[in-house]
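S.K.: Predicted model and sequence follow; I will ask about them next.
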Amino acid sequence: MKKLILLALAGAAAGCTANEPVQMSADDESRLNAELAGYEQSGPPVSCISTRDLRSNRSAGEGAIIFDGPTRQTLYVNRPAGGCPELGAGRALVTRTTTTQLCRGDIATVFDTASSMQYGGCGLGDFTPYRRVRS
């Protein structure tokens, strides 16, 4: 019985640790690097961003979601800990929030825009800001 309790406590403690982003494939990492060409990280990752400041989103494979900021100068990269189904042609990302912010831990669902079929979902991670580099 003691072993069972200790095992349960160890499992609960493991669930409280910070999750690292999913390891991206080499192809997905290359896609992300191509998307970020001409940009540099402009600050530390933040846990929430205002939904007013987001124009659109796209994915770089299943390991990263790129959110376009309020201007073409700003991007936010989100790397969900468990990955996220890829956004491609005819797919959209839907989030449900109770505030005006999108935050780490919010659930995003990927669905087909024609059939409304869900492909899956993911828990969002931190948002890393990037700013376009002036040449």
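M.R.: Happy to help now that I have it.
S.K.: Without its sequence neighbours, what residue ends up closest to residue 28?
M.R.: The spatially closest residue to residue 28, leaving aside those adjacent along the chain, is residue 61, at 2.7 Å (CB to CB, 6 or more residues apart in numbering). C-betas here are computed from N, CA, C, even on glycine.
S.K.: Name the residue closest to the centre of the chain, please.
M.R.: Nearest to the mean C-alpha position of the chain, counting by CA atoms, centre = their mean, stands residue 78 at 3.2 Å.
S.K.: Name the helix or strand of the chain that has the lowest mean pLDDT.
M.R.: Within the chain, no helix or strand scores below helix 2-15, which has a mean of 43 by mean pLDDT, DSSP states H and E.
S.K.: Show the subsequent helix or strand relative to that one.
M.R.: helix 26-35 (DSSP states H and E).
S.K.: if we look at that following helix, which residues are touching it?
M.R.: Contacts of helix 26-35 with the rest of the structure, by CB atoms under 8 Å, 6 or more residues apart in numbering, involve 24, 58, 60, 61, 62, 63, 64, 66, 75, 77.
S.K.: Take those residues and write them to a markdown table, including pLDDT, neighbour count and distance to residue 87.
M.R.: Formatted as a markdown table, the contacts of helix 26-35 follow (pLDDT from 0 to 100; neighbours: other CB atoms under 10 Å; distance: CB to CB, whole Å):
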| residue | pLDDT | neighbour count | distance to residue 87 |
| --- | --- | --- | --- |
| 24 | 77 | 18 | 15 |
| 58 | 91 | 16 | 6 |
| 60 | 87 | 23 | 9 |
| 61 | 84 | 19 | 10 |
| 62 | 85 | 20 | 10 |
| 63 | 88 | 21 | 12 |
| 64 | 92 | 25 | 10 |
| 66 | 94 | 20 | 9 |
| 75 | 96 | 20 | 15 |
| 77 | 96 | 22 | 14 |
